[in-house]
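Trainee: For reference, the sequence and a predicted model appear below.
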Amino acid sequence: MTFGQRVTFVRREKKLTQAQLGAAIGTTGDMVGKYERDAIKPSIEVAAKIADALDSTLDYLIRDIQNVDKKENSISPALIEHFNKIEKLSYKDREHVLAVIDAFTAKLKIQSIME
């Protein structure tokens, strides 16, 4: 995925129009469209504004996910996005999610011992 494709994907997930995203970052919907089509690349400052407006990370928007996923000990941008969403949950809901994650990691540890 390109920068523009990721911006489009996240913007649509957030149910924002190009005009709404443009207003949030101080530009027009037409300019957002150019970014999304990869017709032009935004400055690093504008890319950071886009990430903030989409409640995403700049890393997710600009990195080649295939290359990031192949790096040892790296966290995929998709997983980072999920962590960001989990952080916004109430304390109680966040504890439930973490308990589920703990259960799956314990299962994985037990399976690796049994092999």
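Mentor: Now that the structure is in, tell me what you want to look at. Numbering: from 1, shown residues only.
Trainee: pretty sure residue 14 is in contact with residue 55, am I right?
Mentor: Yes - Residue 14 lies in contact with residue 55 (CB atoms under 8 Å); the separation is 7.2 Å. For every residue, glycine as well, the C-beta is placed using N, CA and C.
Trainee: Could you point out the helix or strand that follows the helix or strand of the chain with the lowest mean pLDDT?
Mentor: Among the helical and strand segments of the chain, the one scoring lowest on mean pLDDT, DSSP states H and E is helix 65-70, with a mean of 47. Downstream of helix 65-70, the first helix or strand assigned by DSSP states H and E is helix 77-87.
Trainee: which outside residues touch that next one?
Mentor: With CB atoms under 8 Å, 6 or more residues apart in numbering as the test, helix 77-87 has contacts from 55, 56, 57, 59, 60, 63, 65, 68, 94, 97, 98.
Trainee: What residues sit buried inside it?
Mentor: Going by neighbour count (16 or more other CB atoms under 10 Å), the buried part of helix 77-87 is 77, 81.
Trainee: which is the next helix or strand following it?
Mentor: helix 91-114.
Trainee: what's the offset of that following helix from the middle of its chain?
Mentor: Put simply, helix 91-114 sits 23 Å off its chain's centre (CA atoms, centre = their mean, to the nearest Å).
Trainee: Also stretch 80-100?
Mentor: Worked out by CA atoms, centre = their mean, stretch 80-100 lies 15 Å from the chain centre.
Trainee: So which residue is dead centre in the chain?
Mentor: The residue lying closest to the centre of the chain (CA atoms, centre = their mean) is residue 81, at 4.1 Å.
Trainee: domain parsing for the chain?
Mentor: Here the domain parsing of the chain from automatic domain parsing is 1-62, 72-115.
Trainee: Give me the nearest residue to residue 61, chain neighbours excluded.
Mentor: residue 6 (5.0 Å; CB to CB, 6 or more residues apart in numbering).
Trainee: can you count the residues close to the one you found?
Mentor: 21 (other CB atoms under 10 Å).
Trainee: Give me the phi and psi angles of it.
Mentor: Phi and psi for residue 6, reported as degrees, to the nearest 10, are phi -70, psi -40.
Trainee: I figured it hits residue 59, correct?
Mentor: No - the pair residue 6 and residue 59 does not pass the contact test of CB under 8 Å, sitting 10.7 Å apart.
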